[in-house]
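[1] coords please:
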Amino acid sequence: GRGQRLAEAEEALLGFTHAELGATVAERWSYPHSLRHTIRDHEQNAPVAPVTAAVRLADLLTRERGMGVEPPDPDALAIADPVGAGAARAEPLLDALDRLESAPGDVPAAPSISDAALRTARAALGG
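    As a prediction, the model looks like this:
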């Protein structure tokens, strides 16, 4: 519903989150343990691993620009980037993304998820 975090909506509708599914896929594809944990934990407010913290910050900064499906989360951004150094360094990249998104051309439609794919994902996650 409105105001609900993506992970909460995913859990309610699908029985798992995109982070859990991503970590499961990464494990099946034999990704390194550290990367699987980064995928799984990227939504945590205070991730311990530096690479996970960087992914979390990138996620929050893109939300601040109105990208993605979740709204901005200023409180989480203040935790992830208390002095704004990450935001300052990311600004040129985010500006470039804005230019790409505003360039004329076809925008691909969002992919749909088949019932079979959902059943497979639920089975992989033990649901």
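
[2] residue ranges with poor pLDDT in the protein?
    1-4, 105-111, 127 (pLDDT under 70).

[3] switch to 80 and redo it
    1-4, 68, 97-98, 100-118, 120-122, 124-127 (pLDDT under 80).

[4] centroid-nearest residue for it?
    By C-alpha atoms, centre = their mean, the chain has its centre lying nearest to Asp59, at 5.8 Å.

[5] spatially, what comes nearest to Ala26 if we skip its sequence neighbours?
    Arg36 (4.5 Å; C-beta to C-beta, 6 or more residues apart in numbering). The way it works is simple: take the backbone N, C-alpha and C, and place the C-beta from them, glycine included.

[6] from what I see, the one you found and Glu27 are in contact.
    Yes: Arg36 is within contact range of Glu27, at 5.5 Å (criterion: C-beta atoms under 8 Å).

[7] give me the more crowded residue out of those two.
    Neighbour count, other C-beta atoms under 10 Å: between Arg36 and Glu27, Arg36 has more, with 19 against 15.

[8] just the CA trace of the strand or helix carrying Thr62, in PDB.
    According to DSSP states H and E, Thr62 maps onto helix 50-64. Taking Å, rounded to 0.1, in the frame of the first residue of the first chain, the C-alpha atoms of helix 50-64 are listed here in PDB:
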ATOM      1  CA  PRO A  50      32.100  -1.100   3.100                       C
ATOM      2  CA  VAL A  51      30.800  -2.300  -0.300                       C
ATOM      3  CA  THR A  52      27.300  -2.800   1.100                       C
ATOM      4  CA  ALA A  53      27.400   0.700   2.600                       C
ATOM      5  CA  ALA A  54      28.400   2.000  -0.900                       C
ATOM      6  CA  VAL A  55      25.500   0.200  -2.600                       C
ATOM      7  CA  ARG A  56      23.100   1.400   0.100                       C
ATOM      8  CA  LEU A  57      24.200   5.000  -0.400                       C
ATOM      9  CA  ALA A  58      23.900   4.700  -4.200                       C
ATOM     10  CA  ASP A  59      20.300   3.400  -3.700                       C
ATOM     11  CA  LEU A  60      19.400   6.300  -1.400                       C
ATOM     12  CA  LEU A  61      21.000   8.900  -3.700                       C
ATOM     13  CA  THR A  62      19.100   7.700  -6.700                       C
ATOM     14  CA  ARG A  63      15.900   7.800  -4.800                       C
ATOM     15  CA  GLU A  64      16.600  11.400  -3.900                       C
END
